[in-house]
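Q: got a sequence here, can you model it:
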Amino acid sequence: MTSQEGELQDEPSSVPKKGADWCQMLGEPRARLFPEISQTQLQQLSPTALAYLGDAVYELYIRMFYLLPPKRSEAYHRLVVSQVRAETQAEILRSLYPHLRNSELEIVRKGRNAATGRPRRLDPETYQQATSLETLIGYLYLSDFQRLAELLQKLQLEK
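A: All right, here's what the predicted structure looks like:
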């Protein structure tokens with residue numbers, strides 16, 4: 001065993017806490033994998049493109065949150081699906097409203113206005129709110145990762 005392997009095995013801080021280390025766990029690899037995006041490039045992205053990214057980032061956050069303690073794959077799936085469905089995302093957005101800055105509320109508004117089409121099982125307002133949340137998450141992932149982590153830590157998720 002190399003000294004590096006020993007360090008990794010003995011390091012208890014590598015176990016994520018309730019979302020607190022998410023920024024470190026995902027943010028640092030993100031910086032290595034993806035080049036920084038300029039403000040000009042960010043402004044060129046449509047709310048739909050930001051929602052597309054935000055959907056993936058949010059699901060990854062939820063998957064990481066429920067990863068520990070270990071569970072059967074069916075349990076992971078059930079927990080994650082309950083959090084990534086549009087109805088839950090709409091509730092989450094409503095819970096975050098008091099914490100949002102004016103610039104973030106503008107992103108939410110743009111996401112709501114960009115939400116076209118919807119699954120038949122959903123009312124338009126729920127779909128718009130879910131898309132707004134995903135748009136905000138996508139935007140913050142690209143522009144202010146610390147702020148994204150701060151808002152995600154405000155979610156009232158239960159294990």
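
Q: with adjacent residues omitted, what lies nearest to residue 94?
A: Residue nearest to residue 94 in three dimensions, not counting chain neighbours: residue 129, with 7.2 Å by C-beta to C-beta, 6 or more residues apart in numbering. C-beta: built from backbone N, CA, C; applies to glycine.

Q: do residue 156 as well
A: residue 95 (6.9 Å).

Q: element containing the one you found?
A: helix 86-96 (DSSP states H and E).

Q: distance from the chain centre to that helix, please.
A: Chain-centre distance of helix 86-96: 12 Å, with C-alpha atoms, centre = their mean, to the nearest Å.

Q: flag every buried residue along the next helix or strand after that helix.
A: Downstream of helix 86-96, the first helix or strand assigned by DSSP H and E is helix 102-114. For helix 102-114, the buried set under the neighbour-count rule, 16 or more other C-beta atoms under 10 Å, comprises 104, 107-108, 110-112, 114.

Q: before we move on, what about stretch 91-100?
A: 91-93, 96.

Q: can you give me the end-to-end distance of it?
A: 15 Å (C-alpha to C-alpha, to the nearest Å).

Q: residues making contact with that stretch?
A: Contact with stretch 91-100 is made by 105, 108, 129-130, 132-133, 136, 151, 154-156, as judged by C-beta atoms under 8 Å, 6 or more residues apart in numbering.
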